[in-house]
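Undergrad: Take a look and give me a structure for this.
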Amino acid sequence: MSTTIEALADDLSAKFGQAIKSKIVDKKIVKIEVGREDITAVAKYLRDNMGWDHVKAVTAIDLSRATKKEDRLEVIYHLGTYSRADCWGLDLAISCRVEKASPRMTSLTDIWPSCEFHEREAFEMFGIVFENHPNLKRLLLPDYWSDIPPLLKDYQPPGR
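TA: Numbers count the residues shown, from 1 in each chain. Have a look, this model is predicted:
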């Protein structure tokens, strides 16, 4: 299985070169960070040429205190495949970083419809605006919510 994951990482590096900002390869995990402007092309390639046919989760991380160097958010798409039996036990994640002051990126719902609700949650909890999303509205918080997104490091719960 390790040769499959190494081949996957090498194939992405060969295809996208400088668009890949960082790459982490472990026994069963590959995490690829790409630029915000490149994530759509990488996602289409993974779906059309490598068989990664659905999104298992979309997560985000507020990096403002974690790194103490940058005021950004990292959006991570965890991918899965039903069509490639050799990759069933692998975890492939693609990510990009967006500015915390104006967190915007293109939605990947056109490529993987399974990320629709996950992107809505990231929008609500981190304030990330997914452009061209078919239904970007609240999912978990009440309609009257007027505070900043609750998973940002700047959020202070009332009464604390």
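
Undergrad: what ranges do the helices span in this structure?
TA: 2-16, 39-50, 116-126 (DSSP state H).

Undergrad: winner for burial among those?
TA: helix 116-126 (a mean of 21; mean count of other C-beta atoms under 10 Å). C-betas here are computed from N, CA, C, even on glycine.

Undergrad: Just list what that helix packs against, helices and strands only.
TA: Packing partners of helix 116-126 (3 or more C-beta pairs under 8 Å, 6 or more residues apart in numbering; DSSP states H and E): strand 54-62, strand 129-131.

Undergrad: Redo the ones you listed as JSON lines? Include mean neighbour count and mean pLDDT.
TA: Shown next, in JSON lines, are those (neighbours: other C-beta atoms under 10 Å; pLDDT from 0 to 100):
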{"stretch": "strand 54-62", "mean neighbour count": "19", "mean pLDDT": "95"}
{"stretch": "strand 129-131", "mean neighbour count": "16", "mean pLDDT": "97"}
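
Undergrad: low-confidence ranges in the protein?
TA: Scanning the chain for pLDDT under 70 picks out the ranges 1-3, 66-69, 160.

Undergrad: what's around residue 99, how many residues?
TA: 12 (other C-beta atoms under 10 Å).

Undergrad: Skipping its backbone neighbours, what lies nearest it in space?
TA: Nearest residue to residue 99, sequence neighbours excluded (C-beta to C-beta, 6 or more residues apart in numbering): residue 72, at 6.0 Å.

Undergrad: And for residue 82?
TA: Residue 82 sits nearest to residue 53 (C-beta to C-beta, 6+ apart), 5.9 Å away.

Undergrad: isn't the one you found right next to residue 47, touching?
TA: Yes - the criterion here is C-beta atoms under 8 Å, and residue 53 meets it with residue 47 at 6.3 Å.

Undergrad: so what sits against both of these two?
TA: Counting by C-beta atoms under 8 Å, 6 or more residues apart in numbering, the residues touching both residue 53 and residue 47 are residue 112.

Undergrad: List the residues that contact residue 8.
TA: Residue 8 makes contacts with 30, 50, 87, 90, 92, as judged by C-beta under 8 Å, 6+ apart.

Undergrad: Kindly report the same for residue 56.
TA: Residue 56 makes contacts with 78, 79, 80, 114, as judged by C-beta under 8 Å, 6+ apart.

Undergrad: okay, those residues in CSV with neighbour count and distance to residue 100 next?
TA: Converted to CSV, those look like this (neighbours: other C-beta atoms under 10 Å; distance: C-beta to C-beta, whole Å):
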residue, neighbour count, distance to residue 100
78, 18, 22
79, 25, 25
80, 18, 29
114, 17, 26
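
Undergrad: Perfect, that will be all.
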